[in-house]
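Trainee: here's my sequence, what's the structure:
(one chain, ligands or ions: 2)
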Amino acid sequence: MAYAVKDYKTEVWVDWCPGCGDFGILNAIHQALAALQRPPHRVAVFSGIGCSGKTPHYIGTYGVHTLHGRVLPVATGFKLANPEMTVIAVGGDGDGYGIGAGYFLAAGRRNVDLTYIVFNNGVYGLTKGQASPTLPKGVQTKSLPEPNLLEALNPIAVALGAGYTFIARGYAYDVRHLRDLIVAAIQHRGTALIDVLQPCPTYNNIHTREYYNVRVYKLEETGYDPVVHNPADEKEIAEKKAQALLKAYENGDRIPIGIFYQVERPTLEDELAARLPHWGKALADLEPIYQRDLTLLLDELS
Ligand code: SF4
Ligand code: MG
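Mentor: Ligands and ions are numbered 1, 2, ... in the order given. Prediction:
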C-alpha cells in the first residue's frame with residue numbers, strides 16, 4: 001500500500017496563530033513521512049510542552065504529549081523498548097535547551113536512533129513570549145519590557161560538544177528543504193538534531209519571516225561537506241567539527257541552513273546488543289524465567 005501525505009494528518013484543528021512557522025514544520029514532517037513511506041502505525045511522535053507540544057495531535061501516527069523538557073527521555077525509553085519503530089521527538093527551544101538542557105546533552109552522548117526537531121523561535125511562545133535560551137543578549141522583542149539580559153546558547157555548537165551524530169538547521173518557511181532534512185535525519189542511524197528557525201509572529205517581531213528570508217542560505221549549495229568519511233579518523237572528526245562550529249557562529253547577514261555535521265558511530269542499541277544477550281527481544285519472546293523476574297535482565301547490565 002502506498003501512503004500519501006493525507007495519511008499522516010489528523011482531524012484535529014491546528015491551533016497555532018496565523019502565520020506561525022510551526023505550520024511549515026508540521027507540513028515538512030507530513031511530507032517527509034510520506035516520502036519515506038513509513039506506515040503510520042510504525043511511527044511515534046513525542047513532544048514536550050509549548051506551542052510545538054501540540055504537534056503529535058496533528059500527526060496521524062502514535063503520539064505522546066509529555067512533560068516540560070522531558071521529551072527526550074520519554075522518546076528514548078520508547079525507542080529502546082520498540083527498536084523497530086521510527087521515533088521523532090519535537091519541542092521548543094525553551095523546552096529543549098532550557099528546562100530540558102541536561103537531557104539534550106545526554107541524548108547526544110547516548111546516540112539512540114531517533115530524530116529530534118526543535119522549533120526555535122527565541123521565545124517561550126505558549127506563556128506569552130519570555131526570552132528563551134536562544135534569544136541573543138540585548139535583543140528586545142515586543143513581548144519583553146527590557147532587552148534580554150542573558151547570552152544566547154548556540155544549539156549547533158552545544159550539539160557538536162555533546163556528541164550528536166547528525167546536526168542540521170532548517171527554516172520553517174522552506175518546507176521542501178526542511179522535508180529533505182527530516183528524511184535524511186530519519187534515515188541516519190543515531191540521534192539526529194534538526195534545529196529549525198521558526199518565526200513566532202505573535203511575540204518575536206525581530207526574527208521574522210522577512211528577517212530570515214534575506215539571510216538564510218543553503219550549505220550544500222556552497223560545496224560544504226558535513227560528512228565524516230572515515231569515522232575511525234579522529235583528525236577528520238575534529239576537522240569536520242571545527243568547520244561546523246565556524247558555520248554555527250555565522251549568524252549575521254548570512255545564516256546557513258542544511259546539514260552541519262554527520263558521522264556514523266555505534267548507537268546505544270548497538271552497544272546494548274553487544275552487552276545483553278536478550279536485547280531486542282520482545283518481552284513475550286523471552287524465556288519464562290525472564291518474564292517472571294525482570295531483575296535478571298537488569299543484572300545482566302551490571
Ligand atoms: Fe506560533 Fe508564537 Fe503563536 Fe506559539 S505564540 S503558535 S510559536 S506564533
Ligand atoms: Mg520557543
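Trainee: going forward, measure contacts and count neighbours with C-alpha atoms only.
Mentor: Fine.
Trainee: now do the contacts for residue 116.
Mentor: 72, 88-90, 191-194 (C-alpha atoms under 8 Å, 6 or more residues apart in numbering).
Trainee: let's see 10 Å
Mentor: The neighbours of residue 116, taking C-alpha atoms under 10 Å, 6 or more residues apart in numbering as the test, are 45-47, 71-72, 75, 87-91, 96, 104, 107, 167, 182, 185-186, 191-195.
Trainee: try residue 152
Mentor: Contacts of residue 152 (C-alpha under 10 Å, 6+ apart): 122, 131-138.
Trainee: confirm that it sits in a helix.
Mentor: No. Counting by DSSP: H, G, I helix; E, B strand; the rest coil, residue 152 is located in no helix; its state is coil.
Trainee: look up how far ligand 1 lies from it.
Mentor: For residue 152, the distance to ligand 1 equals 18 Å [C-alpha to the nearest ligand atom, to the nearest Å].
Trainee: look up phi and psi at that residue.
Mentor: With angles defined as degrees, to the nearest 10, residue 152 sits at phi -80, psi 150.
Trainee: what's the pLDDT at it?
Mentor: Residue 152 is assigned 98 on the pLDDT scale.
Trainee: same check on the one 3 residues further on?
Mentor: In the predicted model, residue 155 carries a pLDDT score of 98.
Trainee: surely it and residue 108 touch.
Mentor: No. Look at residue 155 against residue 108 with C-alpha atoms under 10 Å: they stay out of range, at 11.8 Å.
Trainee: count of neighbours near residue 74?
Mentor: 17 (other C-alpha atoms under 10 Å).
Trainee: residues contacting it?
Mentor: Taking C-alpha under 10 Å, 6+ apart, we find residue 74 in contact with 46-48, 64-67, 89.
Trainee: can you pull out the helices in the chain?
Mentor: Per DSSP state H, the chain carries helices over the ranges 22-36, 71-81, 93-94, 101-110, 155-162, 175-187, 209-213, 234-248, 268-275, 288-292, 295-301.
Trainee: residue of the stretch 151-300 of the chain closest to ligand 1, please.
Mentor: residue 200 (3.8 Å; C-alpha to the nearest ligand atom).
Trainee: count of neighbours near that residue?
Mentor: Neighbours of residue 200 (other C-alpha under 10 Å): 27.
Trainee: so which residues on the stretch 201-302 of the chain come close to ligand 1?
Mentor: 201-203 (C-alpha under 6 Å from any ligand atom).
Trainee: now do 8 Å
Mentor: Neighbours of ligand 1 within the stretch 201-302 of the chain, by C-alpha under 8 Å from any ligand atom: 201-204.
Trainee: just the buried subset of the contacts of residue 116, written out for PyMOL, thanks.
Mentor: Selection of the buried residues among these in PyMOL, burial being defined by 16 or more other C-alpha atoms under 10 Å:
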select buried, resi 45+46+47+71+72+75+87+88+89+90+91+96+104+107+167+182+185+186+191+192+193+194+195
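Trainee: can you narrow the contacts of residue 116 down to the ones near ligand 2?
Mentor: Among the contacts of residue 116, no residue lies close to ligand 2 (C-alpha under 5 Å from the ion).
Trainee: tell me how far the residue nearest to residue 31 when sequence neighbours are not counted lies from ligand 1.
Mentor: Spatial nearest neighbour of residue 31, chain neighbours left out: residue 5 (5.7 Å); criterion: C-alpha to C-alpha, 6 or more residues apart in numbering. Using C-alpha to the nearest ligand atom, residue 5 is found at 22 Å from ligand 1.
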